[in-house]
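Q: Next one to model:
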Amino acid sequence: MIGSAVSWIICGLVVGLAARFLIPGRQTLSLPMTVILGICGALVGGFLYSAMWGQSAEPFSIASHNWYGWIVAILGSCLLLAAYPYIYPRKWQR
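A: The predicted structure follows:
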């Protein structure tokens, strides 16, 4: 249980950092928000993948040959990161 949560956090951090690297511009996200971005992006990417191509034959695993799971997760995170300013616009103080 704890090992699974730690692996989700580490994978979320890697995916979130990759998405922040790929999307141009300055993102003002903290490290915990980057982890949440990565985890939610993986869920969004997995949902979109299964909606278009059906369920994967094998579950997502770091050790297996399912490298496309990482790409799908990063693309889902990029999608969320690009939509983030529209969902939560910054309120400027005067």
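
Q: Specify the local secondary structure of Arg26.
A: coil (DSSP: H, G, I helix; E, B strand; the rest coil).

Q: How are the helices of this protein distributed by residue range?
A: Using DSSP state H, the helices of the chain run over residues 2-22, 31-53, 68-87.

Q: Need these in TSV (columns: mean pLDDT and mean neighbour count).
A: Where C-beta positions appear, they are placed from N, C-alpha and C, glycine not excepted. Listed next are the helices of the chain as TSV, based on pLDDT from 0 to 100; neighbours: other CB atoms under 10 Å:
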stretch	mean pLDDT	mean neighbour count
helix 2-22	86	16
helix 31-53	86	17
helix 68-87	86	18
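
Q: Find the nearest non-adjacent residue to Leu48, please.
A: Among residues not flanking Leu48 along the chain, Gly76 sits closest, at 6.6 Å (CB to CB, 6 or more residues apart in numbering).

Q: Quick check: that neighbour touching Ile39?
A: No: counting by CB atoms under 8 Å, Gly76 does not reach Ile39; the two are 10.0 Å apart.

Q: show me the contacts for the closest residue to Gln27 other than its chain neighbours.
A: Using CB to CB, 6+ apart and skipping residues adjacent in sequence, the residue nearest Gln27 is Arg20, 5.4 Å away. By CB atoms under 8 Å, 6 or more residues apart in numbering, Arg20 lies in contact with Gln27, Leu29, Thr34, Leu37, Leu81.

Q: from the residues you listed, which is closest to Ile9?
A: Checking the contacts of Arg20 against Ile9 by CB to CB gives Thr34 as the nearest, at 10.7 Å.

Q: can you pull the contacts of the residue nearest to Leu48?
A: By CB under 8 Å, 6+ apart, Gly76 lies in contact with Cys40, Gly41, Ala42, Leu43, Val44, Gly45, Gly46, Leu48.
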